[in-house]
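*Asks:* show me the folded form of this:
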Amino acid sequence: MEEARAGTAVVPPPPKGGDGLRNNRRVLQDIGNRPITRSFRAQLIAKAQEKGVKNMNPVVLPVLEDKVALNQKRISTQKVVPRKEIEKQTAEDLVIISSDEEEKDKSVEGRKEVKTLTSILTARSKAMALGVNIKPKEKIVEIDSADVNNELAVVEYIDDLYKFYKLTEDDSRVHDYMDSQPDINTRMRSILIDWLIDVHRKFELMPETFYLTVNILDRYLSKKIISRRELQLVGISSMVIASKYEEIWAPQVNDFVCLSDYAYSADQILRMEKAILGKLEWYLTVPTPYVFLSRYIKASVSPDVEMKNMVFFLAELGILHYPTIILYSPSMISAAAVYAARHTLNKIPVWTETLKHHTGHSEEQLRDCAKLLVGLHSNSAESKLQAVYRKFSRPEYGAVALFVPAKSFHSSS
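*Replies:* Here you go, the predicted model:
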C-alpha cells in the first residue's frame, strides 16, 4: 500500500505453471500493449532496420512506422487538455499552406486593384499627348421627372409623341409658293402677319393659336391662288379656325369684323373659313413651331421667365420672315431660337447634352438658322414691321426686345 501511494507500480506474482509463463511472454511481445516512449521507439526502429537488412525486406520499416504512429495517436487521445489551452494552441500553431502560384495570383490581383498616383498621372499625360478628351461626359437630365404624377403631361408617351412630330412635320410644312402667286408677294405676307400679331394680342389668345394661324395661312396660300384683296380675308378666317381649335372661349366672328374695320362681312369670313377647311381637308392637328418650342424650353433645365420670353421673341421674328419658314423646318426654327436666346443671355454652357438629346441637333447644325434669327433681332428696332418688337418691349414680356443681340453672331450678321 505504501509503495502504491508513492507512485510505484505493483507487479503481481508470476503465475504458476509453464503455460501461464508463456502467455505472459507472448503478451509482453505485443508492442501494441506497451506505451511507446522515445527510447523504446528508437530501439524498435533500430531492431526493425537490422531485421529488414538481414531479411532484405524493405516493407518492415514503413509498417513499423505506421504502427508507432498509431500508438502515439492512441496515447495522445487519452490525454485531456483544457479547452482554453487547445484554442490557444490552435490559434498559434495553425499554418495555412498555399502554393507559389496562388501567392503569385494574389499578389498580381492586389497590384491590379491598387492604382498609384504615378500611374494615373502617366495615363493622363498619354491621353493628352494623343489628343484624347478625358473630360467626363455630361449627363442627360431627366426633364420629365417632376411631371410623373401629372396626368396631363402624359410622361409615359411624351418621347413617342415628339418622335411622331419629327416624322410628320414635313407633311404640314410649306415650301416656296410665292412664285405661284401672281398678285401677292413676301412683303404682303409679312404685313398681314404683323397685323395678326396685334389682333392676337388684342384678344389675349393662346400662343398656340398664333402659330396655328400662320400654318393654316401658308398652307392655304400654297394650294390656292388668291387676289391681293382676299389676302386679309384669308388671314382673318385662318385665325377664326385656329381660335375654334385651340381656345376655350373663341372670339366671335363679329369681333373680327370690327377689327378689320368692316372690310369684310361675317358671311364672307364664314365662306372663306369653309373654303380653307375644304382645301386643307380639315387637317389641323399639325406640329407647329410652338409644339417644339415648349419642349425645347423645358429641355433648357429650369429656364427663367427671361429665357422663355427671349425664345418666343426670336421665334416670332422668324415666323414673320418668309425665307426662314421656307429654309428651315419648325423643329429647326425652335431649336435655333433656344440656341440664339442662350447666346444672347450668356447662358453657360450654351448647348448642353440634354438639349442636344431632345432637339436632335448639334451646335453646328443650328448656327446658320440662329445667325439669321439674331440678324432679325438686330434689325427689329429699325424695321417698319413693329408688332413683334413692340410686343416684346413691354414689361410683361421682360422687355427682351431691348436686349443687346448675341455678340457672337452680331458681327457676322
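
*Asks:* rest of the way, CA atoms for contacts and neighbours
*Replies:* Fine.

*Asks:* what about the closest residue to residue 147 other than its chain neighbours, neighbour count?
*Replies:* Spatial nearest neighbour of residue 147, excluding adjacent residues (CA to CA, 6 or more residues apart in numbering): residue 153 at 6.3 Å. By the measure other CA atoms under 10 Å, the count of residues near residue 153 is 13.

*Asks:* tell me how far residue 402 lies from residue 276.
*Replies:* As judged by CA to CA, to the nearest Å, residue 402 and residue 276 stand 38 Å apart.

*Asks:* of the two, give the one with the bigger neighbour count.
*Replies:* Remark: of residue 402 and residue 276, residue 276 carries more neighbours, 23 against 16, as counted by other CA under 10 Å.

*Asks:* need the contact list for the more buried one.
*Replies:* 220, 238 (CA atoms under 8 Å, 6 or more residues apart in numbering).

*Asks:* what's the following helix or strand after the host helix or strand of it?
*Replies:* Taking DSSP states H and E as the definition, one finds residue 276 inside helix 266-280. On the C-terminal side of helix 266-280, the nearest following helix or strand under DSSP H and E is helix 289-299.

*Asks:* and the helix holding residue 276, which residues are buried?
*Replies:* If you call a residue buried by 16 or more other CA atoms under 10 Å, then helix 266-280 has these buried ones: 269, 272, 273, 276, 277.

*Asks:* and of the residues you listed, the nearest to residue 206?
*Replies:* Among the buried residues of helix 266-280, residue 273 lies closest to residue 206 (CA to CA), at 19.9 Å.

*Asks:* pretty sure that closest one contacts residue 243?
*Replies:* No - contact between residue 273 and residue 243 fails when scored by CA atoms under 8 Å: they sit 11.9 Å apart.

*Asks:* give the residues shared as contacts by the two.
*Replies:* Joint contacts of residue 273 and residue 243 (CA under 8 Å, 6+ apart) do not exist.

*Asks:* what separation do you get for the closest residue to residue 221 other than its chain neighbours and residue 242?
*Replies:* The shortest distance from residue 221 to any non-neighbouring residue, by CA to CA, 6+ apart, is to residue 177 (7.3 Å). Counting by CA to CA, the gap from residue 177 to residue 242 is 22 Å.

*Asks:* ok, those two, which is more surrounded?
*Replies:* The neighbour count for residue 177 versus residue 242, taken as other CA under 10 Å, is higher for residue 242 (22 against 17).

*Asks:* find me the pLDDT at that one, would you?
*Replies:* Residue 242 is assigned a predicted lDDT (pLDDT) of 96.

*Asks:* same question, residue 163
*Replies:* Listed pLDDT for residue 163 reads 91.

*Asks:* tally of neighbours for it?
*Replies:* Residues contacting residue 163 under the criterion other CA under 10 Å number 11.

*Asks:* quick one: low-confidence ranges for the stretch 51-200 of the chain?
*Replies:* For the stretch 51-200 of the chain, applying pLDDT under 70 flags the ranges 51-138.

*Asks:* so residue 178 makes contact with residue 189?
*Replies:* No - with contact defined as CA under 8 Å, residue 178 does not count as touching residue 189 (9.8 Å).

*Asks:* for the record, mean pLDDT for the helix holding residue 276?
*Replies:* Helix 266-280 shows a mean pLDDT of 95.

*Asks:* with stretch 356-366 instead?
*Replies:* 91.

*Asks:* got the buried residues for that stretch?
*Replies:* Using 16+ other CA under 10 Å as the test for burial, stretch 356-366 gives 356, 358, 359, 361, 362, 366.

*Asks:* helix or strand: which one has the last one?
*Replies:* Of the helices and strands defined by DSSP H and E, residue 366 is found in helix 363-379.

*Asks:* counting contacts, what elements does the following helix or strand past that helix pack onto?
*Replies:* Sequence-wise, the next helix or strand downstream of helix 363-379 (DSSP H and E) is helix 387-391. Counting contacts by 3 or more CA pairs under 8 Å, 6 or more residues apart in numbering; DSSP states H and E, helix 387-391 is packed against helix 186-202, helix 305-320.

*Asks:* hey, C-alpha coordinates of the last one in PDB?
*Replies:* Below are the C-alpha coordinates for helix 305-320, written out as PDB (Å, rounded to 0.1, in the frame of the first residue of the first chain):
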ATOM      1  CA  VAL A 305     -39.000  83.900 -67.500                       C
ATOM      2  CA  GLU A 306     -36.400  86.000 -69.300                       C
ATOM      3  CA  MET A 307     -35.300  82.900 -71.200                       C
ATOM      4  CA  LYS A 308     -38.800  82.000 -72.200                       C
ATOM      5  CA  ASN A 309     -39.600  85.500 -73.500                       C
ATOM      6  CA  MET A 310     -36.400  85.700 -75.500                       C
ATOM      7  CA  VAL A 311     -37.000  82.400 -77.200                       C
ATOM      8  CA  PHE A 312     -40.600  83.400 -78.200                       C
ATOM      9  CA  PHE A 313     -39.400  86.800 -79.400                       C
ATOM     10  CA  LEU A 314     -36.800  85.200 -81.700                       C
ATOM     11  CA  ALA A 315     -39.300  82.600 -82.900                       C
ATOM     12  CA  GLU A 316     -41.900  85.100 -83.800                       C
ATOM     13  CA  LEU A 317     -39.300  87.100 -85.700                       C
ATOM     14  CA  GLY A 318     -38.500  84.000 -87.700                       C
ATOM     15  CA  ILE A 319     -42.200  83.200 -88.400                       C
ATOM     16  CA  LEU A 320     -42.700  86.800 -89.700                       C
END
